[in-house]
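Student: The sequence and its predicted three-dimensional model are supplied below.
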Amino acid sequence: MGDERDPLAAKKMKVDECMGPIEEVKTIKLTQQPGRRTTKIGTLLDAQIEKTLVAFLQENISAFAWDTAYMCGIDPEIMVHRLNVDSSMRPVKQKKRIFESERSRAIKE
């Protein structure tokens, strides 16, 4: 049952155990601009492979779309987030739900 190849094993794991990267990651800068154009790579990479990967990413930085303005040819209708709200209607606050204690604890976790 504990076999990692078991397709049902992921369903048995808690959500927080399934989510996220397999290994620790670190942020690398692809440009000299502070806080801009960064990506994350695994910390378990061999030093030479890491160096080669970072160099490759830096050489091909123009291939990345850092903002919607860089996505020429993509229809903004695909990228734009809009709420399906009728502007002529007044907003209504949703009623607070009261859950049983077990569900309430699960929601808080």
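Tutor: Happy to help now that I have it.

Student: Check which helices and strands the longest helix along the chain sits against.
Tutor: Ranked by residue count, the top helix of the chain under DSSP state H comes out as helix 47-59. In terms of contacts (3 or more Cβ pairs under 8 Å, 6 or more residues apart in numbering; DSSP states H and E), helix 47-59 is packed against strand 38-42. For the C-beta atoms, the positions are set from N, CA and C on the backbone; glycine is no exception.

Student: Using the three-state scheme, assign Glu102.
Tutor: At Glu102, secondary structure determined by DSSP: H, G, I helix; E, B strand; the rest coil is helix.

Student: Pull out the buried residues from the longest helix of the chain.
Tutor: Residues of helix 47-59 classed as buried by neighbour count (16 or more other Cβ atoms under 10 Å): Glu50, Leu53, Val54, Leu57.

Student: can you give me the angle that helix makes with strand 38-42?
Tutor: Computed by axes from the mean of the first three to the mean of the last three Cα atoms, to 10 degrees, the angle separating helix 47-59 from strand 38-42 equals 160 degrees.

Student: Outside of helix 47-59 itself, which residues are in contact with it?
Tutor: Helix 47-59 has contacts (Cβ atoms under 8 Å, 6 or more residues apart in numbering) with Ile28, Leu30, Thr31, Thr39, Ile41, Leu45.

Student: In PyMOL, how would I select the buried members of those residues?
Tutor: Here is the PyMOL command that picks out the buried ones among the contacts of helix 47-59, judged by 16+ other Cβ under 10 Å:
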select buried, resi 30+41
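
Student: Check the contacts of helix 47-59 and tell me the two furthest apart.
Tutor: Across the contacts of helix 47-59, no pair lies farther apart than Thr31 and Leu45, at 20.5 Å, counting by Cβ to Cβ.
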